[in-house]
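# Attaching a predicted model along with its sequence, questions to come.
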Amino acid sequence: MKTQVAIIGAGPSGLLLGQLLAKQGISNIILERVTGDYVLGRIRAGILEQGFADLVREAGVAERMDADGDVHDGFEISANGERYHIDLKGLTGGKTVVCYGQVEITQDLMDAREAAGLTTYYEAADVQPLNVKSDSPSVTFTHAGEQYELECDYIAGCDGFHGVSRQTIPADKRTEFERVYPFGWLGLLSDTPPCNSELIYCKHERGFALASMRSETRSRYYLQVPLTDKVEDWSDEAFWDELKKRLPEDVAAGLVTGPSIEKSIAPLRSFVCEPMQYGRLFLVGDAAHIVPPTGAKGLNLAASDVATLYKIMTRVYKDNDPECITQYSDIALRRVWNGERFSWWMSNMLHNFGQMETGDMDAATFKRFMESELDYYLNSENGRRVIAEQYVGLPYEELAP
Ligand code: RFL
Ligand code: PHB
């Protein structure tokens with residue numbers, strides 16, 4: 001079996017890259033460990049930067065996103081009950097974000113891939129990239145009991161944080177940077193109308209909370225919880241009770257509750273692997289970096305990696321310029337580190353670290369610094385503009401000539 005680009009992973013990174021490459025006539029095959037339904041069962045991101053939305057349009061898969069996605073001109077931060085508006089549109093000269101679930105984008109990309117007759121192997125086991133430093137790499141895998149070897153020119157490792165691609169780079173050829181946070185987010189999805197027309201990020205003594213949404217009739221809420229908590233510890237009733245305590249009072253008063261459709265706990269982590277290219281293997285999205293979800297940046301950073309790799313592959317095949325692949329890692333990492341910094345900063349300001357480890361200062365001092373930091377940024381228009389500029393997303397970098 002042969003293709004130009006072998007893509008490992010059918011999450012949003014792999015599917016979007018596959019669609020863009022196919023549009024340029026670059027052949028690709030996707031190998032995914034689990035079933036399509038399993039991929040679609042992961043409830044994750046909800047906020048898309050304009051750059052992401054434009055890339056989905058370029059891929060020709062934006063019809064439903066443009067019809068059903070909700071453009072958000074701003075969001076709110078509440079700090080111990082007081083509400084502050086971050087006017088994204090006003091503060092950034094007209095930029096906005098789109099509220100449209102990762103599940104929906106993934107579904108649209110899967111449908112488009114199937115309609116275009118492009119090959120995806122779901123439930124591919126033992127996926128293994130080989131000879132990535134040579135001119136003829138390949139990927140071996142098992143499917144329905146048969147063993148396969150997929151010969152290719154390049155491999156895109158879009159297989160998330162727990163994938164095989166990053167591990168293919170020898171340990172002495174990569175550097176990993178990490179911060180693990182001492183708490184997680186408990187998320188709940190319900191068919192209830194959102195409590196507010198915009199997202200609200202809530203800093204509260206009891207811990208952080210986020211009020212988000214998927215549509216006019218579907219809400220997504222999150223609570224900061226200790227890492228020791230289990231989903232089973234949290235009945236729906238306990239979740240709603242705790243959420244009401246952390247939301248601004250007037251919002252809590254209007255909160256509509258209902259049975260959960262999904263509930264899960266996600267740990268918070270900042271992680272970067274450098275470099276993001278090794279020979280003919282490229283790491284894309286969560287395979288190379290993880291951010292805590294506080295800045296809504298994870299999926300959006302995956303999209304900017306895809307945009308960069310797409311430009312590079314197009315130049316390789318259309319302009320016969322194989323040398324340009326060495327640009328990938330530096331360009332991707334510049335934007336990644338900015339997203340990492342923003343997500344880390346927002347997480348520090350908005351969560352309650354309690355008595356937990358906060359680096360080389362005591363917890364009480366750290367808490368005061370963060371309170372003062374948030375107070376300054378929220379009460380200054382320049383401060384709010386700094387938050388807004390990062391939240392809508394920095395521009396994508398072009399390749400060097
Ligand atoms: P994914 O989505 O993890 O997909 C990787 C795919 O690779 C497959 N795979 C393998 N396939 C073959 N062989 C192997 N050995 C394999 N190992 C793994 C997996 O089965 C999977 O299908 O990575 P990708 O495509 O890079 O996409 C990244 C995003 O999913 C992620 O960054 C975001 O969901 C992060 N995120 C958010 N990002 C945003 O931009 N805005 C948000 O509002 C936002 N909210 C969130 C989030 C992530 C969350 N969680 C649960 C971590 C909220 C939450 C709660
Ligand atoms: C979500 O709706 O799932 C969501 C929105 C914003 C975030 C994180 C998650 O920062």
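Sure, I can see it. Ligands and ions are numbered 1, 2, ... in the order given.
# if I look at residue 60, how far off is residue 222?
33 Å (C-beta to C-beta, to the nearest Å). Placement of C-beta: from N, CA and C, glycine included.
# I'd say residue 326 and residue 277 touch.
Yes: at 7.3 Å, residue 326 and residue 277 qualify as touching, with contact defined as C-beta atoms under 8 Å.
# ok, back up a step: ok, residue 60 and residue 222, which is more surrounded?
Neighbour count, other C-beta atoms under 10 Å: between residue 60 and residue 222, residue 222 has more, with 23 against 13.
# The more buried one belongs to a strand?
Yes: with DSSP: H, G, I helix; E, B strand; the rest coil as the criterion, residue 222 is assigned to a strand.
# so what's it scoring on pLDDT?
Looking at residue 222, its pLDDT is 98.
# Kindly tell me how buried the residue in the stretch 1-150 of the chain positioned nearest to ligand 1 is, as a neighbour count.
Closest approach between the stretch 1-150 of the chain and ligand 1, counting by C-beta to the nearest ligand atom: residue 11, at 2.1 Å. Residues lying near residue 11 (other C-beta under 10 Å) number 25.
# Run through the residues that contact it.
Residue 11 makes contact with 39, 106, 158, 159, 160, 285, 286, 302 under the criterion C-beta atoms under 8 Å, 6 or more residues apart in numbering.
# any idea how far it lies from residue 17?
In terms of C-beta to C-beta, residue 11 sits 10 Å off from residue 17.
# for residue 255, same thing?
39 Å.
# and if you look at residue 112?
As judged by C-beta to C-beta, residue 112 and residue 17 stand 13 Å apart.
# Neighbour count for these two, which is higher?
Set residue 112 next to residue 17 and count neighbours by other C-beta under 10 Å: residue 17 wins out with 32 against 20.
# Grab the nearest non-local neighbour of the more buried one.
residue 306 (4.8 Å; C-beta to C-beta, 6 or more residues apart in numbering).
# Mind exporting the C-alpha coordinates of stretch 46-63 to CSV?
C-alpha atoms of stretch 46-63 as CSV (Å, rounded to 0.1, in the frame of the first residue of the first chain):
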residue,chain,number,x,y,z
GLY,A,46,-16.2,24.4,22.0
ILE,A,47,-14.4,27.7,20.9
LEU,A,48,-12.8,28.1,17.5
GLU,A,49,-10.5,31.0,16.6
GLN,A,50,-11.2,32.9,13.4
GLY,A,51,-8.0,31.3,11.9
PHE,A,52,-9.4,27.9,12.6
ALA,A,53,-12.8,28.7,11.1
ASP,A,54,-11.1,30.1,8.0
LEU,A,55,-9.1,26.9,7.6
VAL,A,56,-12.2,24.8,7.9
ARG,A,57,-13.7,27.0,5.1
GLU,A,58,-10.6,26.5,3.0
ALA,A,59,-11.0,22.8,3.4
GLY,A,60,-14.5,23.2,2.0
VAL,A,61,-16.2,21.8,5.1
ALA,A,62,-17.7,24.9,6.7
GLU,A,63,-21.3,24.7,5.6
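# for that stretch, the distance to its chain's centre please.
14 Å (C-alpha atoms, centre = their mean, to the nearest Å).
# Give me the contacts around it.
Residues contacting stretch 46-63 (C-beta under 8 Å, 6+ apart): 16, 19-20, 23, 65-66, 69, 72, 95-102, 105, 108-109, 112, 199, 212-214, 220, 296, 299-300, 303-304, 306-307, 392-393, 395-396.
# Could you pull up the mean pLDDT of it?
96.
# Show me where the stretch 1-150 of the chain dips below the pLDDT cut-off.
For the stretch 1-150 of the chain, not a single residue meets the criterion pLDDT under 70.
# which residues of it fall in strands?
For the stretch 1-150 of the chain, applying DSSP state E, counting those that start in this stretch gives strands covering 5-8, 28-31, 47-49, 70-72, 75-79, 82-86, 97-99, 120-121, 125-130, 138-143, 146-151.
# for those strands, which one sits closest to residue 363?
Evaluated over these, closeness to residue 363 peaks at strand 75-79, with 18.6 Å, by C-beta to C-beta.
# between the closest one and strand 82-86, how big is the angle?
Going by axes from the mean of the first three to the mean of the last three C-alpha atoms, to 10 degrees, strand 75-79 is angled at 150 degrees with respect to strand 82-86.
# what are the ranges of the helices in the stretch 301-401 of the chain?
Under the criterion DSSP state H, counting those that start in this stretch, helices of the stretch 301-401 of the chain are mapped to 328-350, 363-379, 381-392.
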